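**Q** sequence and computational prediction follow.
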Amino acid sequence: MLQSTHQQTPRTHGSQRQEKKVTEPPQRIIWNTLLLFSLLTLLASPSPAANYVASHISPPTPVREFRGVWMASVANIDWPSSPRLSTAEQKAELAAMFDRAAQLKLNVVVFQVRPACDALYASSIEPWSEYLTGTMGKAPDPYYDPLQFAIEEAHKRGLELHAWFNPYRARHAAAKSPIAATHISKTHPDLVRHYGKSLWLDPGEKEVQNYSLSVVMDVVKRYDVDGVHFDDYFYPYKERDASGRELDFPDDASWQRYGAGGKLSRDDWRRENVNVFIQRTYQSIKSAKPWVKFGVSPFGIWRPGYPPQIKGFDAYTNLYADSRRWLAEGWLDYFAPQLYWGINPPDQSFPVLLKWWTQQNKKGRQIVAGLDSTKTGPSLRSESSNGNGHSTHWEPEEIINQIRITRKQSGVAGHLHWNMKSLMHNETFDAALLRDLYSQPALPVAYPWLDAAGPGKPELTVHEAGGRLTLNWRPPNQEKVWLWVLQTQTGKDWKTEVLPGSRTSGTLDSSPTVLAITAINRCGTASKPVVIATKP
């Protein structure tokens, strides 16, 4: 185009060239200046790196591992650290936590959005959580939506954000704020039970199922979350009265209305209430957004005696949580039992329990080991009241070895740290993780039953200027890409980077012998890589 413009000038003014020889120098100077500028621009612009051609070299398969962390909001355990923080301070604190997760090369954050029938997001169903502002029902001021902010901050770092709900707890015993008029204990007191020092929804009420499911699906439909998560709280852990006598859950009304005339015992009826809710939640999520994962993190022991050497709390009997059935039926995408015990004690042996759970996985779902990383640091507040022994102190090597066990045990997809604070205030532990386990990034695990096809093969172009390579890549047909895997080979050494899907370019100071780009979709399925290499 530059050459064409230069040739048109004498044709346009040829007949007047002699007449304007004296009068036109300023115009000719302008044209010459523009020409010089264009030539300099052309020389400075990156040019296609002609020494790269398509290649059949196969890059190494990237590491796949679920590397997650729980981030609790109840009682201000993790975030926000105090309800007195300003909006700016809350945002800065949350961003710092995502920075630490990315620094450690984690890939999943399980973010608590509904501690007790309250919301850490803009909800028309439930009131704002008191853990944000100190007052239930009061929005952040200056206003922002914490869940939306968390999703944006997580995604820009290539982290999955799983929204963590408590399906039945209506008010935590440690709550201090007056109950808002929009709280379910005020709007539908018939669905709420007083139990110990807390309020709970009654899982036996049909309307409770509908209500809690509507809360979950409201978030799934309105927010770009990557997953939905439940922990170990279903029917509540047993409370005792002043004399120490164990209290039964007060569900006489729902039992008489829905269960007493049926074939199930009261205990089996309670378990079936939870079973139905788990199944409905899974099916509802998949109907709305098939790529959104559903994960459950139950108590780490299903029942004492399973396997035979195991002793301890019976979640099947006390919480009415038949978690083995949820896994066997495939009513979830990942299963993260809270294996908060050590490797060596035989009564609650971490490797023995982990192996047993993998043997219950008939549908081939992803098994993720829940780790109690709080034990590696100073005393930290914990929500747990389930007898998992949070007062025990471990050296970092205990968790390091537990992660190594997860990598050796067939059928285990990764691990999940309890909790975020344990990774924010324990430099020794973090250094050990980076040095011994997290030196390389890991792709999130794939969920092939959600999407086995994968994205199309991406396109890659390379330009060179000033000794630097500029890489540009894009998916075919404007497909949505969740992550990119950029792999480079220099000599015999390969380097792998996992980049967020919004990233479509990069620069390199050197010229690797091989370059490869792979697209990853929301279900973790990979495309075929596009590979180029220097000419032999």
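**A** Noted; the coordinates are in hand.
**Q** list the contacts for the nearest residue to Gly295 once chain neighbours are set aside?
**A** Once flanking residues are discounted, Gly295 sits nearest to Tyr334: 4.2 Å by Cβ to Cβ, 6 or more residues apart in numbering. Where you see a C-beta, it was placed from the backbone N, CA and C, and this is true even at glycine. For Tyr334, the residues meeting the contact criterion (Cβ atoms under 8 Å, 6 or more residues apart in numbering) are Phe66, Gly227, Lys293, Phe294, Gly295, Arg365, Gln366, Ile367, Val368, Ala413, Val445, Tyr447.
**Q** and Lys221, what element?
**A** Using DSSP states H and E, Lys221 sits within helix 206-222.
**Q** what mean pLDDT does the following helix or strand past that helix get?
**A** Moving toward the C-terminus from helix 206-222, the next helix or strand (DSSP H and E) is strand 227-230. On average, the pLDDT along strand 227-230 is 98.
**Q** equivalent analysis for stretch 99-106, please.
**A** Summarised as a single mean, pLDDT over stretch 99-106 is 98.
**Q** assign the spatially closest residue to Val412 that is not a sequence neighbour to helix, strand or coil.
**A** Nearest non-adjacent residue to Val412, counting by Cβ to Cβ, 6+ apart: Thr406, 4.6 Å away. Following DSSP: H, G, I helix; E, B strand; the rest coil, we place Thr406 in the helix state.
**Q** next, find the distance separating Thr406 from Ile343.
**A** Summarising the geometry, the distance separating Thr406 from Ile343, computed by Cβ to Cβ, to the nearest Å, is 12 Å.
**Q** kindly report the same for Ser297.
**A** From Ser297 over to Ile343 (counting by Cβ to Cβ), the distance is 20 Å.
**Q** between these two, which one's more packed in?
**A** Summary of the neighbour comparison: Ser297 and Ile343, criterion other Cβ atoms under 10 Å, with Ser297 having more neighbours (23 against 16).
**Q** residues in contact with that one?
**A** Applying Cβ under 8 Å, 6+ apart, we find Ser297 in contact with His229, Phe230, Asp231, Asp232, Phe335, Ala336, Pro337, Gln338, Gly370, Leu416.
**Q** I'd guessed the first one sits against Val296; true?
**A** This points to His229. Yes - applying Cβ atoms under 8 Å as the test, His229 and Val296 come out as touching, 7.4 Å apart.
**Q** all helices of the stretch 401-536 of the chain, in order?
**A** When secondary structure is read from DSSP state H, counting those that start in this stretch, the stretch 401-536 of the chain shows helices at 420-424, 427-436.
**Q** most packed of these?
**A** Highest mean neighbour count of these: helix 420-424, a mean of 24 (counted as mean count of other Cβ atoms under 10 Å).
**Q** pull that helix out as PDB, backbone CA atoms only.
**A** Only the C-alpha atoms of helix 420-424 are listed here, as PDB (Å, rounded to 0.1, in the frame of the first residue of the first chain):
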ATOM      1  CA  MET A 420      -7.100 -20.400  53.300                       C
ATOM      2  CA  LYS A 421      -5.800 -18.800  56.500                       C
ATOM      3  CA  SER A 422      -3.400 -21.700  57.000                       C
ATOM      4  CA  LEU A 423      -1.800 -20.800  53.600                       C
ATOM      5  CA  MET A 424      -1.700 -17.000  54.400                       C
END
